[in-house]
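Peer 1: Here is my input, please return the structure:
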Amino acid sequence: MRPWQTLPTHRTWLDGECRRLLGFGRHAALADGGAAYLDDDGVPDLSRGVQTWITARTVHVYSLGALLGVPGSTEIAAGALAGLTGGLRDAESGGWHHALTAQGAPDVAAGKSCYDHAFVLLAASSATLAGIPGARDLLDEATGVFLERFWDDKAGRCVDEWDTSWSVVDPYRGLNANMHAVEAMLAVADCLDDEAWRDRAARICELVVVLAEENDGRLPEHFDADWIPQPELNRDRPDDPFKPYGATIGHGLEWARLLLQTEASLGERASSSLATTASILFDRAVEDGWARDGAPGFVYTTDWDGSPVVRDRMHWVAAEAVGAADALHRRTGEARFADLYAAWWDYVATYLMDVDRGSWRHQLDEFNSPADGVWPGKPDLYHAVQATLLPRVPLGPSLARAARDGLVVA
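Peer 2: Residues are numbered from 1 along each chain as shown. Model prediction:
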């Protein structure tokens, strides 16, 4: 049987699913700028305010839609971007607030995070390539803020959080924010043709290579200011949406893909350890996470011996799984990765795709029934849309660069 990725009919299916997803978010952009958190039917949930990470993801996704020629995408991207140049931007101290409250006030108590700012970088890069007005100025500002406030050149990785006035940096260091920084850095490099951003991404990846080797493929997520792992952090809050306790299955898969994309982006300068580590992370995530309790799907987190902790299935984990399986199949040619890719799309189609109300169900319980303890509603489209695009582009360029250069295979 031919790998699905080589079938024109499968690529056509992916294209159709991408457009279906983009249709779900057609009301995401808000009149005053920014993007809404979406409910189960794609209706803005205004009680949740306007969040920078959702707004930036919306700019990114609909910039991709614009580059793909999907009507209506440019307007949505521009509307969301207006939030990043407007109310979410801290005109006094610089950078971006985490959110605006439902009353429209900046959420100053939340401080400023690398996670949010990495997505601003990604959004500005994609929007610049899509020709969205104001995007290049946003990118210039965002790169300056990121390098000044979050990039620790001595450590070769990013700090995680500041207070809102940039007076105090939190001692917490996190792998999640650094993971999204790698994605953003590769996108900036492709947008600006600036190798320095690729080199920064590669330095962060060096840490992941070491961590995977030292921890049998289960990546510690939480660290102190000296980058000493804090493996027990949030044991009392194991399903935290951003800082869960234990090893996060989806991040092992996401890192596997990002290591291969970094390798492809660096070309001959890449270390051979990136591909080796990608396979280690992937295999560990599959062994620990897939169908551990008799039902298909990936558990959210495990303990350090691989025992499931949070058994709910998050849609983003399956999305990252298909992307990682595809990347490893193309990198290695091994049929097992293509087989898993097909099996996991079957899972997505059977359990996650909501053909009646749109988009993908963001959270299922251990029996694959809808749940909402961590992710109520269907907040955004980032992971699902990327899952439909990654198998149709080369490993090297970022999605926006590939789309701009006509490299997306329909």
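
Peer 1: Helix, strand, or coil at Asn368?
Peer 2: What DSSP: H, G, I helix; E, B strand; the rest coil gives for Asn368 is coil.

Peer 1: Pro171 versus the nearest residue to it once chain neighbours are set aside, what's the distance?
Peer 2: Closest residue to Asn368 apart from its sequence neighbours, by CB to CB, 6 or more residues apart in numbering: Tyr351 at 4.7 Å. Every C-beta, even on glycine, is put in place using the N, C-alpha and C of the backbone. From Tyr351 over to Pro171 the distance is 40 Å, taken as CB to CB, to the nearest Å.

Peer 1: Please enumerate the strands of the stretch 301-410 of the chain.
Peer 2: 301-302, 308-310, 313-314, 363-364 (DSSP state E, counting those that start in this stretch).

Peer 1: just these: most buried one?
Peer 2: Ranked by mean neighbour count, the strands of the stretch 301-410 of the chain are led by strand 313-314 with a mean of 28 (mean count of other CB atoms under 10 Å).

Peer 1: Let me see the ranges of the helices in this structure.
Peer 2: 8-24, 52-67, 73-84, 114-129, 135-149, 175-192, 195-214, 249-266, 273-289, 315-332, 335-347, 382-389, 399-404 (DSSP state H).

Peer 1: Including distance to Val159, could those go into a markdown table?
Peer 2: Conversion of the helices of the chain to a markdown table gives the following (distance: least, CB to CB, whole Å):
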| stretch | distance to Val159 |
| --- | --- |
| helix 8-24 | 33 |
| helix 52-67 | 17 |
| helix 73-84 | 21 |
| helix 114-129 | 7 |
| helix 135-149 | 8 |
| helix 175-192 | 9 |
| helix 195-214 | 12 |
| helix 249-266 | 19 |
| helix 273-289 | 24 |
| helix 315-332 | 24 |
| helix 335-347 | 34 |
| helix 382-389 | 23 |
| helix 399-404 | 26 |
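
Peer 1: quick one on the thing from earlier: now that we have the strands of the stretch 301-410 of the chain, can you turn them into CSV and tack on mean pLDDT and distance to Lys154?
Peer 2: Listed next are these as CSV, based on pLDDT from 0 to 100; distance: least, CB to CB, whole Å:
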stretch, mean pLDDT, distance to Lys154
strand 301-302, 98, 31
strand 308-310, 98, 34
strand 313-314, 98, 35
strand 363-364, 98, 39
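
Peer 1: out of these, which comes closest to Leu399?
Peer 2: Ranking these by distance to Leu399, with CB to CB as the measure, places strand 313-314 first at 21.2 Å.

Peer 1: Contacts made by the closest one with the rest, please.
Peer 2: 250, 297-300, 351, 362-366, 368, 374-375 (CB atoms under 8 Å, 6 or more residues apart in numbering).
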